[in-house]
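Chemist: I need the structure of the sequence given here:
(chains A and B)
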Amino acid sequence: MADGKTDVLQGTLDLLVLKTLEALGAQHGWGIARRIEQVSDDALRMNHGTLYPALVRLEQRGWIRSQWGVSDNNRRARFYSLTAKGRKQLGAQEERWERMAAIVARFRRPFPEEGTL
Amino acid sequence: MTWLKMFLSRFLALFRKPELEEELDTEVRFHLEMETAENLRRGMTPEEARYAALRQFGGVDQAKESWRDRCWLPQVDQWVRDLRFGARSLARSPGFVTFAVLSLALGIGLNTAIFTMLRALVLQPLPYPEPWGLVKVYESMIWQGQSTYGSGVSVPNLEDWREQNRVFEDLAGFAYEGANLTHQDGAMRLMAAEVEPGVFPIMRIPPLVGRTFLPEENVPGADRVVVLSHGLWERSFGADRGIVGQKLSINGAAHTVVGVMPPGFRFPPRSAAELWTPLAFSERMRTDRGSHWVQVIARLKPGVSWVAAQLDMSEIARRLEKQHPDTNATRGVGVFPLHAETVRAMAQVLMVLAGAVGFVLLLACANVAHMVLARAVGRRRELSVRMALGAGRWRIVRLLTLESVLLAAAGGVAGYFGGRWCLDALLAFTRDQLPAGVVVTPDTTTIWFCVLASLISALLAGLIPALRVSRVDLQSALKEAGSSAGTALRRNRSVLMVWEVALALVLAVGALLLMRSLRLLNNFDLGFQPERVLTMKLELPGTRYPKREAAVAFYDRLLEQVRAVPGVSSAGAINFLPVQFSGNASLSFTIQGRDASPPGHEPSAEHRLVTPGYFQTMGIPLVAGRYLTEEDRVSGQRVVVLSRQTAERYFPNENPVGRSIRYITKVWEADWLTVVGVVGDVRTSGVYRPTPTVIYVPYGQSEWPWSSTSLVLRSQLEPAQLAATVRRLVREKDPDAAVLLVKTMESVVSDSVAGTRFLSRLFTIFSALALVLAVVGVYGVMSHLVSQRTHEIGVRMALGASRGEVLRLVLARGLRNALTGTLLGLGCTVMASFAMRHFLIGIGVVDFWTYLTAASGIIAVAVVASYVPAWRASRVDPLVALRDE
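Modeler: Sure, this is the predicted structure:
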């Protein structure tokens, strides 16, 4: 991480995509990728190519759906949007992340040594 | 569920691959264009912008590949590709494919046919509601230290059981009976059963029309009612519901029809009984604890197993033994599941056949396995290249197995249709022996069995060779074309040959044992001369001849007239024909001047009623004393004739003629009977069974009213013509009497060994097939060995080995395999022929000469099959062989 960027953690991409779709509504692949980069202030390094297998997987799970449409610049593009099931899943995923983050945070703080109270 | 849905959506995606690929392409192109445009906006040159976009995307092809992995099931994709590859490579060797598919089809087809029969006749539950609760209950008899099951039950015992047991919902008695139904076109002889009213509720099948019997109808006088089978109702009464309430003449007495059973109802199970009358117990029967003649069926209470029922009943039997020591000493009870009792005979035949066809399938698999192995060895180079390019072992195994899956699938389809054909042939062949009311027809289970058999064949014929081949170090195979890498494979092929020889031997021994049994039967001493003897069964309506005198008068007149027919040299009658009747009707007796034996150890013998002229007609030789004559009547001295064995067993070293015996029975007032003659032994209870001791009582002095008799006539006349004459004579005397089962004595004998004949024919066919498969297999293995060792043989010859030595070398190899196979096979054979012990006549399970004949035959065949490859090896030109490198 010489350039100060962070790799997308295994398993976090799903959450990021869902979150993005929640914020933007229907969006095409490139739009999602851009948004993820922008929100993270370009601090996340992500091969855009990895987005597409992730989108297929989410669609197979029924968390998102896709539709062909026309983009702002009048080109044919596939737009992804959140399903009801995906919305529910997003809640569950967020909660899990928060719990996880809290646990990790607790490990980062040194334990109070015995007898210091 | 999500898992399943995802699998399904990925599976379905397989069929939309081009479309999905195109969509992805559009999507990626759009993405790259957007990114490029963005980069341009940031001020890059067009070239820089494009490269930056591609960099950002991170490898378009890798992304697409990992998208494909997610989008559908890439494994299936590979499977399909391998399958296609397999099909193409098979198509290149049509000869191999034809032979492999044919032999698998043969094996699978035969197994399917036999399985279909086994399922319908043995495995299928009996067609009654909750059939597993049904049991048959017998009295067991401990006679001379041995416990024998299968005896009938005496009426008082049955009634005590009914009262005291805690395990049955109900017990009911029945008896097999024939019925003469008099109809417009004369007397019709039908199979019938007398049943206690409880039988129908026990079987849990309600009548279609009317009712079944009322409990009070099992009393003499109230028992003139009848229930008809559906078949008889349709055939003879046009399915008229108005039949209920009408009267029919059965055995000469008017019976009121009270009901009709639904189609498919059979009782006793699988019998051809067409009408049922109540089994009524007379006062004498109800007190006679010593006559064991009622068959008993019962239904277990829910949750009671038949073993528990057996324990409870044994307890009751012990109690009855104490209460009635004179009749019930040595009497126990046997409880058996009805299903097992019903299918036993069929199961014996079909299990032997199933074993035989199983062996044929194994042989076919071994052959195909060998061919697959040989092909795989030939493809070693190709496989090595695949491995070198990164194919894992599993991938290679799959590639090879899929080919045999294809073969087995084709074999399975061909086998299914071939199997149906076989089944039709088998059914046509066994029509007379199949139980009534069982439809043997292929169904979905048959198809599943076929699929399973194909799958197992594919695994045996493909997976095992594939695993072996893939284990060989393919790197060394890649480097050298030589044969050193094949040593392990060579050993495998020898193992296959050994097994083929062993399997073929087992079937050959089976076929030989059965064939010898049948040949022995021709020279078998039955104790009588069956040639030119015509037999027929005569049934008098019992109600018309309640007294023995009436029946005696009938037969006297009839025999007199029959003897007068030109061309008839002698005639007689007996109550049970020898060979045909396999049940027992043995009675115990005491001998005058000897101490009474303890209960269960009295002398005993089969009891047969015969007319004068019977022994002469059957050609049974006189050993001592005299035959029976017309003078042996009620008015004369009471006499009996003993069989030779009876005389030897109970009168050792003395002349029985002039001595007297008396039956131990409560049914009639027994007199002392004087022995007047001894005749030769006869296979009384069937060809398979040892000759029992027999006592012949003149029918004129019989204590039993007897309505069923077999006439025997010795004559030069055409059997059909003679039968017509006798039939006419019978009808003139009594239109209600029925003549049935007209047969020559020779066919009575040959019908009694129908099981052996049936098995023998099929075994001959199966073992011939097995032998062909084995010859092809041995030939294939040896040819392959030779072709693999061409180089080595060339070296040997170059170093001075003669052609004869090379020939011997290869033959020795074949012989060694054949010998090993024979030894292995002999071990299996002992077990296999033990399974056939019920069908062997006059020959032991381990018959030295049969084994020796079969073994030397198989070895000879194996050596001959090895000869051609050996000869070819000896013709190898060392120069060519060495240059072959």
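
Chemist: where along chain A do the strands fall?
Modeler: A:6-7, A:27-28, A:44-45, A:64-70, A:76-82 (DSSP state E).

Chemist: Figure out which of these is closest to residue B:104.
Modeler: Nearest of the strands of chain A to residue B:104, taken as C-beta to C-beta: strand A:64-70 at 48.0 Å. Yep, even glycine has a C-beta here, placed from its N, CA and C like the rest.

Chemist: Against which helices or strands is that closest one packed?
Modeler: Secondary-structure packing of strand A:64-70 (3 or more C-beta pairs under 8 Å, 6 or more residues apart in numbering or on different chains; DSSP states H and E): helix A:12-24, helix A:51-60, strand A:76-82.

Chemist: most packed of these?
Modeler: helix A:51-60 (a mean of 21; mean count of other C-beta atoms under 10 Å in any protein chain shown).

Chemist: for the record, mean pLDDT for stretch B:251-264?
Modeler: For stretch B:251-264, mean pLDDT rounds to 90.

Chemist: Could you do stretch B:752-767 as well?
Modeler: pLDDT averaged over stretch B:752-767 gives 82.

Chemist: mind saving the C-alpha coords of that stretch as CSV?
Modeler: Listed next in CSV are the C-alpha coordinates belonging to stretch B:752-767 (Å, rounded to 0.1, in the frame of the first residue of the first chain):
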residue,chain,number,x,y,z
SER,B,752,-42.9,-82.7,-11.1
VAL,B,753,-39.4,-81.6,-12.0
ALA,B,754,-40.5,-78.5,-13.9
GLY,B,755,-38.4,-76.3,-11.7
THR,B,756,-35.3,-78.2,-12.5
ARG,B,757,-36.1,-78.3,-16.2
PHE,B,758,-36.8,-74.6,-16.3
LEU,B,759,-33.6,-73.8,-14.5
SER,B,760,-31.6,-76.2,-16.6
ARG,B,761,-32.7,-74.7,-19.8
LEU,B,762,-32.0,-71.2,-18.7
PHE,B,763,-28.7,-72.1,-17.2
THR,B,764,-27.7,-73.8,-20.4
ILE,B,765,-28.4,-70.6,-22.2
PHE,B,766,-26.7,-68.4,-19.6
SER,B,767,-23.6,-70.5,-19.3
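
Chemist: Pull out the buried positions in that stretch.
Modeler: Residues of stretch B:752-767 classed as buried: B:752-753, B:755-760, B:762-764, B:766-767 (neighbour count, 16 or more other C-beta atoms under 10 Å in any protein chain shown).

Chemist: And the residues you listed, which is closest to chain A?
Modeler: Taking C-beta to the nearest C-beta as the measure, chain A lies nearest residue B:766 of the buried residues of stretch B:752-767, at 53.3 Å.

Chemist: what's the helix or strand for the closest one?
Modeler: Using DSSP states H and E, residue B:766 falls within helix B:754-788.

Chemist: and that helix, what does it pack onto?
Modeler: Counting by 3+ C-beta pairs under 8 Å, 6+ apart, the packing neighbours recorded for helix B:754-788 are helix B:94-118, helix B:338-378, helix B:393-430, helix B:487-522, helix B:803-835, helix B:848-874.

Chemist: Can you tell me which helix or strand of chain B has the lowest average pLDDT?
Modeler: helix B:474-479 (a mean of 56; mean pLDDT, DSSP states H and E).
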